[in-house]
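Participant: Okay, sequence plus prediction incoming.
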Amino acid sequence: MNHLLPLLVAAPLLGAGLLIACGRRLPRVAAESFGCAVSAGTAALAIWLCLNSSPPLTEWVGAWTPRNGTSVGIVLVGDGPGLGMSALASLLTLASLAYSWHYFDEPPRRHAGSYPALMLLFQGGMCGFAITGDLFNAFVFFELMSAAAYALTGYRVEEAKAVQGALAFGVINSLGAYAMLMGIALLYARTGELALTHIGRGLDTHGGPDALTLAAFVLVLTGLLVKAAAVPFHFWLPDAHAVAPTPVCMLLSGVMVEFGVYGVWRVYGTVFSGPGGIPAADLERALTVLGILTGAVGALMCWYQRHVKRLLACSTIAHVGLFLVGVGSLLPEADDGVALYLLGHAGVKAALFACTGLLLDRFGSVDEHALHGRGRPLRGVAVMFVLGGLALAGMPPFGISLGKAVTEEALGGPLTVVYVLVSAVTGGAVLRVAARVFYGLGPQPRVGSACETTGAGEEPETRHRLSRIPDTMRAVPALLLAGSLAVGVVPGFARIVARSVNEAGSGGALTSAHWTAAGVLLGLVSTALALALAALAVTRPELLGARPWTLPLRRLQSGHIGDYVAWVLLGTTLLGALALPGILTG
C-alpha cells in the first residue's frame, strides 16, 4: 500500500491537467461530474489508507531511498493524522464541487473545465502537504494550494473587489511563504537535510538551541501561522472570504486554515521538539499567548460584523485561536481534542457558508440588516443555520462539543474559560443572524458606522437569482452538519482518532477521548450563553451594539496591503520575543 500514497497527489493533479486540456471540448456537466468523480475517488483512497495506516506507511518517491543515513529523495508519510487530513480535504472538495454542480455561474464561460480544475489543484496541494515528510516539499505543496486559492478567490475577475481581495490574499500569504522558505534554508544550512525527521536528528547532534535555530523556528512558524490566519497574521482572511465564491469559502474556512495549525503541530513534533530544538515551555508560551489573542480578537470581530461571510470568517479566526492553545499545551489528550474539534468545525463551518451562499443567490445580499425577515420562506435553511450556530457554541453532541470537552479537560484552569467564552460569542453571533434573517425577530437594525462592510448589493453566484433552491445545494450543508454530528455520536470514532494522533505524535502513548459529565456541562453552559447573547442582541440591540472602543479594532481591517504587511512583521517579532527566553537561559 505504500506505493498508493503518491496517488493522493497525482490523481487530483492529473485530473486537473485533463480538464484544462479537454475542458473546451467537454460539456459543462461532464467537466463538473469528472471533477466530482476524481475528488470522490481520492477521498475513498485516503480513507482506505487511513484505516490501514498502523504502522505508518512510508514511500520514497522514485525509489530515492536514504544511503548511509543521508537522503536526497522525496518522502511521503501516511500516518493517521496526515491521511485523515487528506480525507477531510478531499471530502470538502467533493462537497464544494457538488454544491456548485450545474448552478454555479463561472466566468469565463468559454472553458467549462477551469473551475473544477482549480478545485482539483487546490485538493492536490492540500493532500500533498498532509502526507509529505519533507519540509521543502511541504512548502511546495502549500504554495500549490495557495496559488489555486488565489485564483479561486479572484475567480470573478470582472469584479474589482474580487481582484483586490485575491491580491491581498496573495501578497500576505506570499510574504509568509518567503519567511518559511528562509527558515527552511537555515535548517538545510545547519543539517544538510530536508526530510522532517532527519532535520530533527541533525539539530540534536549540534547540541542545544541557538540563534540560528530560533530564527529558523520563527520564520517557519510565521509562514504556517499566516496560512492559519492567527492574529496578527489574520487580516487577509475576512477580505478573501468577502469576495471569494461560496464553494471556495467552504474550503478556506473548512480546511485550509486548519492545515496551518496542522503544520505547526507536525513541524514542531518532528523538527523542533528534540534537545537541539525549541524548549517546550517556549512553544507553549508562544502558542498560548497567540491563541488567546487570536480567540479574543476573532470573537470580538465576529460579533460586530453585519456582512455574514465576514462574520463567519472572523469566527474561523476565533476558533483557530482555540486550536493553537490546545496544540501549544503539548499534551496528548489536548491533541486528541483538537483533532476532534477540527473535524467537527470543518463540517459546521462549510455548512454555514453553504447556507450563506443560498441567501446570496436568492436575495443578492449577505447583509444581516438588509436581510431582516427576508429568509422566512427558507425554512430548511433556517434550521440548518440554527443548528450550525448551536454547534459552534459547543452544544452536545456535535463533534465540536466533543473536541472542546476533551481539550478543556486536558487543559483545565483559566483556559477553560477562554474556550467557553469564545464558543459562546461566535455561536451567539451566528444565532443572532439566524433570528433576524430567517425569523424576523427584533426591530429593524439601524444603519451602522461608515467603516462597516455591509454585504448589500452583492451579485448572485448562480446564473440568476434563485426562485427555488436546487436539491444539491440543500443536501450538501445537511450532509456536512450530519458529518459533524457523527464525529460526536458514532461509537468508537473518537477512540480511533485518538489512537491515530497519539501513534503519530507521542510515540504510541494511549489516551482516551470520550464524553465526560464536566465536558457536557461546559458545552451546555457555552450554548446557554450563546442563546442569551443572541436574545439580548435581538431584543435589546442597544445593550450589545457597537461601542466607540470597538471602532479602532474594526478600522484595523483597512484593506490596505501595506498595513497588513506591517502586521505580519510585527507578528514575526512577537513570535520571536515569546520564544527567546528559553534560548537565552539555555
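Facilitator: Nice, I can see it. Small disclaimer: the values here were computed from a predicted structure and weren't measured.
Participant: in which helix or strand would I find residue 422?
Facilitator: helix 415-439 (DSSP states H and E).
Participant: buried stuff in that helix?
Facilitator: Buried positions in helix 415-439, judged by neighbour count with 16 or more other C-beta atoms under 10 Å: 415-416, 418-438. C-betas here are computed from N, CA, C, even on glycine.
Participant: One more: stretch 531-540?
Facilitator: Residues of stretch 531-540 classed as buried by neighbour count (16+ other C-beta under 10 Å): 531, 533-535, 537-538.
Participant: CSV please, covering those residues and showing pLDDT, secondary structure and distance to residue 82.
Facilitator: What follows is the buried residues of stretch 531-540, written out as CSV (pLDDT from 0 to 100; DSSP: H, G, I helix; E, B strand; the rest coil; distance: C-beta to C-beta, whole Å):
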residue, pLDDT, secondary structure, distance to residue 82
531, 97, helix, 38
533, 96, helix, 38
534, 95, helix, 38
535, 95, helix, 43
537, 92, helix, 41
538, 93, helix, 44
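Participant: of all those, which comes closest to residue 563?
Facilitator: residue 537 (29.4 Å; C-beta to C-beta).
Participant: what's near enough to touch residue 357?
Facilitator: 99, 246-247, 249, 461, 473 (C-beta atoms under 8 Å, 6 or more residues apart in numbering).
Participant: from the residues you listed, which has minimum pLDDT?
Facilitator: Among these, residue 461 has the lowest pLDDT, at 75.
Participant: what bits of the protein have low per-residue confidence?
Facilitator: Counting by pLDDT under 70, the chain shows low-confidence ranges at 69-71, 103-112, 446-458, 505-511, 546-547, 549, 582-586.
Participant: Show me the strands in it, by range?
Facilitator: Here the chain has its strands, by DSSP state E, at 57-61, 74-78.
Participant: that older thread, I'd like the buried residues of stretch 531-540 written out as TSV, with distance to residue 10 added.
Facilitator: Below are the buried residues of stretch 531-540 laid out as TSV (distance: C-beta to C-beta, whole Å):
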residue	distance to residue 10
531	48
533	48
534	47
535	52
537	49
538	51
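Participant: And those, which is closest to residue 180?
Facilitator: Checking those one by one against residue 180 (C-beta to C-beta), the nearest turns out to be residue 533, at 38.0 Å.
Participant: Go ahead and confirm that closest one touches residue 428.
Facilitator: Yes: between residue 533 and residue 428 there is a contact under C-beta atoms under 8 Å: 3.4 Å.
Participant: how close does the residue sitting furthest away from the middle of the chain sit to residue 60?
Facilitator: Distance from the C-alpha centroid of the chain peaks at residue 68, with 39.2 Å (C-alpha atoms, centre = their mean). For residue 68, the distance to residue 60 equals 15 Å [C-beta to C-beta, to the nearest Å].
Participant: circling back to that earlier point, could you name the helices and strands sitting against the helix holding residue 422?
Facilitator: helix 280-303, helix 308-328, helix 379-392, helix 399-411, helix 517-539 (3 or more C-beta pairs under 8 Å, 6 or more residues apart in numbering; DSSP states H and E).
Participant: Just give me how far the second one sits from the chain centre.
Facilitator: When you say that, I think you mean helix 308-328. 8 Å (C-alpha atoms, centre = their mean, to the nearest Å).
Participant: got the angle between it and helix 280-303?
Facilitator: Here the directions of helix 308-328 and helix 280-303 differ by 160 degrees (axes from the mean of the first three to the mean of the last three C-alpha atoms, to 10 degrees).
Participant: returning to what we had before: out of the contacts of residue 357, name the ones that lie in helices.
Facilitator: 99, 246-247, 249, 473 (DSSP state H).
Participant: about what we covered before: so which of the helices and strands packed on helix 415-439 is nearest residue 242?
Facilitator: Of these, the one closest to residue 242 (C-beta to C-beta) turns out to be helix 308-328, at 5.4 Å.
Participant: Mind giving me the packing neighbours of the closest one?
Facilitator: Helix 308-328 packs on helix 211-228, helix 236-243, helix 246-251, helix 257-267, helix 280-303, helix 332-363, helix 399-411, helix 415-439, going by 3+ C-beta pairs under 8 Å, 6+ apart.
Participant: picking that back up, Serialize the helices and strands packed on helix 415-439 to CSV and add fields for distance to residue 217.
Facilitator: Below are those laid out as CSV (distance: least, C-beta to C-beta, whole Å):
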stretch, distance to residue 217
helix 280-303, 9
helix 308-328, 14
helix 379-392, 32
helix 399-411, 23
helix 517-539, 33
